[in-house]
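Novice: just need the structure, nothing else, for what follows:
(2 chains)
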2 protein chains.
Amino acid sequence: MTESNRRILLASRPTGKPTAENFKLVSAPLPAPGEGEVLLRILFLSLDPYMRGRMNPGKSYAKPIEIGDVMEGGTVGRVVRSRHPDFAEGDVVLSHSGWESFAVAEGASLRKLDPSAAPVSTALGVLGMPGFTAYAGLLTIGQPKPGETVVVAAASGAVGSAVGQIAKIKGARAVGIAGGAEKCAFVRDELGFDAVVDHRAADFPAQLKAACPDGIDVYFENVGGPVWDAVFPLLNDFARVPVCGLIAQYNDAAPRPGPDRLPGVMREVLSRSLLIRGFIQREFSDQRPAFAKEVAAWIASGQVRYKEDIVDGLEAAPEAFIGLLDGRNFGKLVVRVAA
Amino acid sequence: MTESNRRILLASRPTGKPTAENFKLVSAPLPAPGEGEVLLRILFLSLDPYMRGRMNPGKSYAKPIEIGDVMEGGTVGRVVRSRHPDFAEGDVVLSHSGWESFAVAEGASLRKLDPSAAPVSTALGVLGMPGFTAYAGLLTIGQPKPGETVVVAAASGAVGSAVGQIAKIKGARAVGIAGGAEKCAFVRDELGFDAVVDHRAADFPAQLKAACPDGIDVYFENVGGPVWDAVFPLLNDFARVPVCGLIAQYNDAAPRPGPDRLPGVMREVLSRSLLIRGFIQREFSDQRPAFAKEVAAWIASGQVRYKEDIVDGLEAAPEAFIGLLDGRNFGKLVVRVAA
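Specialist: This is a model prediction of the structure:
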């Protein structure tokens, strides 16, 4: 049986929201692993907001994806052929193989997963990059103290759900922001946030204020846009704002019209002694072992719960990703590439 | 001999730039010290940019000055009558008495100065609040490392001159920004900055870029406005921006027109992992003893130099303060209230 590799390429750069035309599904022969490499059958592909940035030209914290290249992404795969002594056929590993059904990877770049310890897809979510982003950004930059108020948007998502639950473990009050009644109920009832506010409500700023009677001490920024506008006036003196994402503005194709809000924000940064700090999780990679141990224990104890939104088939990835940027996913978005 | 107290009050709140009409000079009887208090003859009054904020209504990091109240400010005074056991007639002290020629102060609020150790006016400058602002903000938030590039504006002023010189002591490269050839020459030749750029030059952004071939690692923000615009594109990944002042926008009477620069700034905060942190020096008051000891030693060794711009007579304070907001002072601005 000859199987071919299916790959999704960046066909063109989006202006504003990505569309199906920006992606191209192609077939290619199966790649052959060289010495020290393995051939992987991809089981799960992670879809994450940062990928929108990679579709743009120009410098960001990582190089852009070139047109014609396979879309980038974290993956879980099963070894189907190994030319590396540490990996055997059947091993399940974490890789960064991108949007394709098979991939060759260097053994040194892989981390072996234990399917008996946790569902392997969690290596892309709560126990992977998004969970670690929440853990490192909240604890290292946000530094929530007992009794403080921590606010996070996209609270039912991969990062936001972990932020709020870890904040609670640290004794803080967790206030989530989510879109729609179903997600809000999940954040409050399943994840155990102290309060949740629907950003689609007409009086969202007033509801957020009511949910934060003592102001906001940590705002974990992963959305930007109107949520920022509602949060900013509520920040207390010495509030900390880890900036992990800005999904609401990733599709911006042109500068926003005025007035220019920057001078006002800087004035408040000064008068309220605010901290604003952008970060990428890999800066904190020395905390990875502590993260893996602590969060696994919190999952086992029920203190951290998670939700996955799994879509089937590599070909479904573009549409699912476009929906992610509109908040249409419910939980950590993962593509099941192979059963 | 009966002497009266001269006081400068806030007569009205400015819209935009303050004018002479916003201030009112009045005479009042000499106040009498109560138990535990002293009567001070003010020798020196410090004029500082933060005072502009106090003239506005509404919440900032301190309460506004009320209309009809004496203008606020740091002062050096000589005790002329004491009802506090720790102070004798003739003692020279640091107080926060405001724009007046005599004042009553609680003994507990005063710090005794040693006129033989340093000119007492330096307690308002390099050895006082501005010097401490530079020291604490640069070292605690900016954290310059050897070989890094530190940029500061108003580099001939009280805070900026200390920032650059302390950066050099820590092994960093100091790049100053100042207005006009005379100030620039002073910053380079007298203060020993590695480079200096005149913000009035038509090609200021290009000159700044040329002066920072390795980018900027620490930008000590005390001005805002067009200097920020030139600095921001040059910030390196993981750059730190202590925000200590925004003198260029203190006189803004209305929001600036668009485009809205905030989304672009936040995007760069994220993609370059920038730190922006507002602060007021009193947050770091536990570092005061270390500051006093270290900076005194640096002055003694010639590693830190300073320049004072002394104007004579309390009645000159309003005009001098208005000039300060336009950068017309040259060095730390101090009013000699009495000889």
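
Novice: A:Val120 and A:Val92 touch, don't they?
Specialist: Yes. Under the criterion of Cβ atoms under 8 Å, A:Val120 makes contact with A:Val92 at 5.3 Å. For every residue, glycine as well, the C-beta is placed using N, CA and C.

Novice: any common contacting residues for the two?
Specialist: A:43, A:76, A:113 (Cβ atoms under 8 Å, 6 or more residues apart in numbering or on different chains).

Novice: how many residues are close by A:Gly58?
Specialist: 8 (other Cβ atoms under 10 Å in any protein chain shown).

Novice: OK, contacts around it?
Specialist: The contact partners of A:Gly58, by Cβ under 8 Å, 6+ apart, come to A:Pro64.

Novice: got it, and A:Gly131?
Specialist: So A:Gly131 contacts A:125, A:158-159, A:162, A:291, A:295, A:306 (Cβ under 8 Å, 6+ apart).

Novice: so for it, what's the pLDDT?
Specialist: Model confidence at A:Gly131, given as pLDDT, is 97.

Novice: could you do A:Thr2 as well?
Specialist: Looking at A:Thr2, its pLDDT stands at 63.

Novice: worst-scoring helix or strand of chain A, pLDDT-wise?
Specialist: Lowest on mean pLDDT, DSSP states H and E among the helices and strands of chain A sits helix A:50-54, with a mean of 92.

Novice: tell me what it is packed against?
Specialist: Helices and strands touching helix A:50-54, by 3 or more Cβ pairs under 8 Å, 6 or more residues apart in numbering or on different chains; DSSP states H and E: there are none.

Novice: could you point out which element follows that helix?
Specialist: Scanning forward in sequence from helix A:50-54 by DSSP states H and E, the next helix or strand is strand A:75-82.

Novice: return the distance of that following strand from the chain's centre.
Specialist: In this view, strand A:75-82 has its centroid 23 Å away from the chain centroid, taken as Cα atoms, centre = their mean, to the nearest Å.

Novice: contact partners of that strand?
Specialist: The contact list for strand A:75-82, computed with Cβ under 8 Å, 6+ apart, reads A:33, A:38-46, A:87-98, A:102-103, A:105, A:107, A:113, A:120-121, A:123-124, A:337-338.

Novice: for that strand, give the mean pLDDT please.
Specialist: Across strand A:75-82, pLDDT averages out at 98.

Novice: quick revisit: can you redo the shared contacts of A:Val120 and A:Val92 as TSV with neighbour count?
Specialist: Shown next, in TSV, are the shared contacts of A:Val120 and A:Val92 (neighbours: other Cβ atoms under 10 Å in any protein chain shown):
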residue	neighbour count
A:Leu43	21
A:Val76	28
A:Leu113	23
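
Novice: could you dump these into a markdown table and include distance to A:Val243?
Specialist: Shown next, in a markdown table, are those (distance: Cβ to Cβ, whole Å):
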| residue | distance to A:Val243 |
| --- | --- |
| A:Leu43 | 32 |
| A:Val76 | 28 |
| A:Leu113 | 30 |
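
Novice: which of the residues you listed lies closest to chain B?
Specialist: The closest of those to chain B turns out to be A:Val76 (Cβ to the nearest Cβ; 26.6 Å).

Novice: OK, contacts around the nearest residue to A:Glu35 once chain neighbours are set aside?
Specialist: Spatial nearest neighbour of A:Glu35, chain neighbours left out: A:Arg83 (5.6 Å); criterion: Cβ to Cβ, 6 or more residues apart in numbering or on different chains. Contact analysis of A:Arg83 by Cβ under 8 Å, 6+ apart lists A:33-38.

Novice: which SS class is the residue in chain A that chain B sits nearest to?
Specialist: Distances between chain A and chain B by Cβ to the nearest Cβ are smallest at A:Gly258, namely 1.8 Å. With DSSP: H, G, I helix; E, B strand; the rest coil as the basis, A:Gly258 sits in coil.

Novice: how about A:Val218?
Specialist: For A:Val218, the secondary-structure state derived from three-state DSSP is strand.

Novice: A:Ile276 too?
Specialist: Under three-state DSSP, A:Ile276 falls in the strand class.

Novice: coming back round to it: residues making contact with the least confident helix or strand of chain A?
Specialist: For helix A:50-54, contacts defined as Cβ under 8 Å, 6+ apart pick out A:18, A:60-62, A:64-65, A:71-73, A:245, A:247, A:250-251, A:321, A:325, B:271.

Novice: stretch A:262-273 and chain B, are they touching?
Specialist: Yes. For stretch A:262-273, a contact with chain B is found by Cβ under 8 Å from any Cβ of the partner chain, at A:262-273.

Novice: out of these, which sit inside helices?
Specialist: Among those, DSSP state H puts A:262-271 in helices.
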